[in-house]
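Asks: what's the 3D shape of this:
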Amino acid sequence: MQKLTHHQKEFLLEYFFKNEKYTGWKNIANKLLDNGKCILPKYDCIWVGGIGNFINAEPAKDAVNCLEYSFDLEYFLSSEWYKQVCTQYIAILSQKKREIEEEYEDICNL
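Replies: Below you'll find the model as predicted:
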């Protein structure tokens, strides 16, 4: 499993995992991104559709009334959904970069 940078992780959390209906979503998502697995009390998977399509939830072995979530980052990163969102986000970043470079040049030329 690849090690994600801070910016990569924040992008994935914000644009794919964010679920404000569930208080612990960010801790769970971080575990999935870091380890590919996470064990939780037995509830329905907190992500339905979207990123939930890439998370497998099964009864956890050696744990009572718990689910083990599994997430395959490489598989997710190869999905068309990820590629589409990423392409749109990169376009936004490119625009911001151009604006910052223009501001930089303007200030330097004062």
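Asks: Check the average confidence over the helix or strand hosting L40, would you?
Replies: Here L40, judged by DSSP states H and E, is contained in strand 37-41. On average, the pLDDT along strand 37-41 is 92.
Asks: Domain ranges for the protein, per the record?
Replies: Partitioning the chain according to automatic domain parsing yields domains covering residues 1-78, 79-110.
Asks: Would you tell me which one of those domains is buried the most?
Replies: For the domains of the chain, the largest average neighbour count (mean count of other CB atoms under 10 Å) is found in domain 1-78, namely a mean of 14. Every C-beta, even on glycine, is put in place using the N, C-alpha and C of the backbone.
Asks: in the chain, which spans are strands?
Replies: Remark: strands of the chain, listed N- to C-terminal, are 37-41, 55-59, 66-71; assignment by DSSP state E.
Asks: Let me have those in a markdown table, adding distance to I90 as columns.
Replies: Output for the strands of the chain, formatted as a markdown table (distance: least, CB to CB, whole Å):
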| stretch | distance to I90 |
| --- | --- |
| strand 37-41 | 29 |
| strand 55-59 | 25 |
| strand 66-71 | 23 |
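Asks: so which of those comes closest to Q95?
Replies: Closest to Q95 of these is strand 66-71 (CB to CB; 30.8 Å).
Asks: what does the closest one contact?
Replies: Applying CB atoms under 8 Å, 6 or more residues apart in numbering, the set of residues contacting strand 66-71 from outside is 28, 32-33, 36-43, 45, 54-61.
Asks: show me the contacts for the residue minimising distance to the centre of the chain.
Replies: With distances taken as CA atoms, centre = their mean, L12 lies nearest the centre of the chain, 2.6 Å away. L12 is in contact with 4, 29, 33, counting by CB under 8 Å, 6+ apart.
Asks: Among those residues, which are located in helices?
Replies: Restricting the contacts of L12 to those inside helices, with DSSP state H as the criterion, leaves 29, 33.
Asks: now the residue nearest to the centre of the chain: how far from P41?
Replies: 24 Å (CB to CB, to the nearest Å).
Asks: so where do the helices sit in the chain?
Replies: According to DSSP H, the helices that the chain contains are 6-12, 25-35, 73-77, 80-108.
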